[in-house]
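Q: my questions are about this predicted structure, shown below with the sequence.
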Amino acid sequence: MRKILFKTVLHLLASVSLMFLIIIGGLFVMRQLSFQSTLAQADQLNKQGGISEMREVSLGGISQYIAIEGENRDNPVCLFLHGGPGLSLPYGISGRHQIETISSHCNVVYWDQRGAGKTFSDQKGDPDFTYEQLESDAKELIAYLREEFEQDKIYLVGYSWGSVLGLRLAKALPDQLAGYFGLSQVVNPKASERLLYEWLLEEFETTGHHHFITQLRQLGLPPYEKQSSQQAFQELLTQSNAYVKWNEGLPNVNVLQWFYQVFACPDLSIGEAYDTLFQASDKMLNQGKYWKQLQEVNLIEEIKQVQIPLYFVTGADDYICPVSLVEEFMNQVSSSEKELLVLEHSAHYFSVEDEVKMYDWMKGKIKGAHTNETSDEEQTVGDVISNLLQ
């Protein structure tokens, strides 16, 4: 009887091991096929006068990584600043040929910032940098892109935590930037967390998760001095609909697509993909000075005037960066132009259907500005000729 049982267990283990190897083998084959497809598309785009490539650049004295993608090298340049902090999804270098953004109208630049993605993997010895260092890196990158593409001004897109850096740069560099897009714009983290706390109490009451309400009340109102309390609050957030809007019991954001985006990226090794998804953001949240500095941000008090166009996009059900705070900021800031797009089917992460609407809206703003600029130049030439004939 024991021999039969032993053989049965061995057969079961062998079957499970074989199945595991087949699955792993299949994933690696799929990864390799995706590599070939992405690189083939990149090669085709480059041959047609566009650009698709990953580059290593020196910023702040270290190697950092960017990916560039666009259908026409003469189009405007648009630099995406990913969020996290430390999480280069979805707008890090893994976005090249993996996500559809605005590359038909811009030369899109995805950047794995210091402490994130491929840059984190290459520079693991420096996890505890400051906000000032990251801002300095960004300014160097903007200068590099302006020179590389021979353009006086570029566009910035700041997403979530990247929007703090983006909005500050929009104020600081009006002579180098054509416009700024703030996606899920961070305005005042402490005020956001207080609103979020009250919403969570209502949310858990509605869903019947009374044990979560007990945990929230034990934590008390944010902000939290202890790291353990902050982590507990973040864990409760993941149990709610704060990040993702649900429809008939299903999330309308394909988070699995983000994992595939990283796994299938030809610019990332397996180790770098793991760092991108898990290690980098964990380091930032638990060790980074940058994270602590971000908790003190209050852009409503800090920024009163910006000299370039400001465009904001937010989910109607974003409880991480509430619409009310974005509207409050817009009402008090002075700008050459400002507009807010509210996406009805999105929370902090944008739904698939809303992303299409958002990117079309962004393309329209850039195309309109580019067309007006061209018309102004033509009018100026006409004026010169007219003056010569007089």
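A: Cool, the structure landed. Numbering: from 1, shown residues only.
Q: show me the shaky parts of the protein.
A: Where the chain drops to pLDDT under 70, the residues are 1-36, 125-127, 248-250, 287-288, 373-390.
Q: do you have the strands of it handy? List them.
A: Secondary structure of the chain (DSSP state E): strands at 51-59, 62-70, 77-81, 107-112, 154-159, 177-183, 246-247, 250-251, 305-306, 310-315, 334-335, 338-343.
Q: distance of residue 55 relative to residue 158?
A: 21 Å (Cβ to Cβ, to the nearest Å). (Glycine included, C-beta is placed from N, CA and C.)
Q: between these two, which is the more surrounded one?
A: Neighbour count, other Cβ atoms under 10 Å: between residue 55 and residue 158, residue 158 has more, with 29 against 14.
Q: so what's the more buried one bridging to?
A: residue 81, residue 182 (DSSP bridges).
Q: from here on, count from 11
A: Okay, using 11 as the starting number, the last item reads as residue 168.
Q: hmm, it is touching residue 194, no?
A: No. Counting by Cβ atoms under 8 Å, no contact exists between residue 168 and residue 194, whose distance comes to 9.1 Å.
Q: center of this structure - which residue?
A: residue 92 (3.0 Å; Cα atoms, centre = their mean).
Q: which residue packs closest to that residue, ignoring adjacent ones?
A: Spatial nearest neighbour of residue 92, excluding adjacent residues (Cβ to Cβ, 6 or more residues apart in numbering): residue 101 at 4.3 Å.
Q: which ones are touching the one you found?
A: 90-93, 111, 120, 167, 169, 172 (Cβ atoms under 8 Å, 6 or more residues apart in numbering).
Q: any idea how far residue 107 lies from residue 261?
A: For residue 107, the distance to residue 261 - Cβ to Cβ - is 24 Å.
Q: more neighbours: these two, which one.
A: More crowded of residue 107 and residue 261, by other Cβ under 10 Å: residue 107, with 22 against 16.
Q: any idea how far residue 127 is from the more buried one?
A: With Cβ to Cβ as the criterion, residue 107 and residue 127 are 16 Å apart.
Q: residue 239 against residue 229, yeah?
A: Yes. Because the distance of 5.7 Å satisfies Cβ under 8 Å, residue 239 is recorded as touching residue 229.
Q: neighbouring contacts of stretch 194-201?
A: Outside stretch 194-201, the residues that reach it (Cβ under 8 Å, 6+ apart) are 93, 168-171, 173-174, 177, 202, 232-233, 304-310, 322-325, 328, 330-331, 335-336, 338-339, 358-360.
Q: no wait, stretch 214-222
A: 210, 223, 226, 246, 249-250.
Q: most neighbours out of those residues, which is it?
A: Going by other Cβ under 10 Å, residue 210 tops the contacts of stretch 214-222 with 23 neighbours.
Q: OK, contacts around that one?
A: 222, 226, 246-247, 250, 252.
Q: restricted to helices, list those.
A: Among those, the members falling in helices are 222, 226, 246-247 (criterion: DSSP state H).
Q: quick one: which of these is nearest to residue 268?
A: Of all the ones in helices among the contacts of residue 210, residue 247 has the smallest distance to residue 268: 17.7 Å, by Cβ to Cβ.
Q: I'd say that closest one and residue 253 touch.
A: Yes. Contact between residue 247 and residue 253 holds when scored by Cβ under 8 Å: they sit 7.1 Å apart.
Q: need the residues touching each of these two.
A: Looking at what touches both residue 247 and residue 253 (by Cβ under 8 Å, 6+ apart), the common residues are residue 330.
Q: before we move on, the earlier item: distance of the residue nearest to the centre of the chain from residue 332?
A: 21 Å.
Q: how about residue 339?
A: Applying Cβ to Cβ to residue 339 and residue 332 gives a distance of 11 Å.
Q: same check, this time on residue 88
A: 26 Å.
Q: cool, and residue 301?
A: 20 Å.
Q: what of residue 83?
A: With Cβ to Cβ as the criterion, residue 83 and residue 332 are 39 Å apart.
Q: which one's more surrounded, the two?
A: residue 332 (21 against 15).
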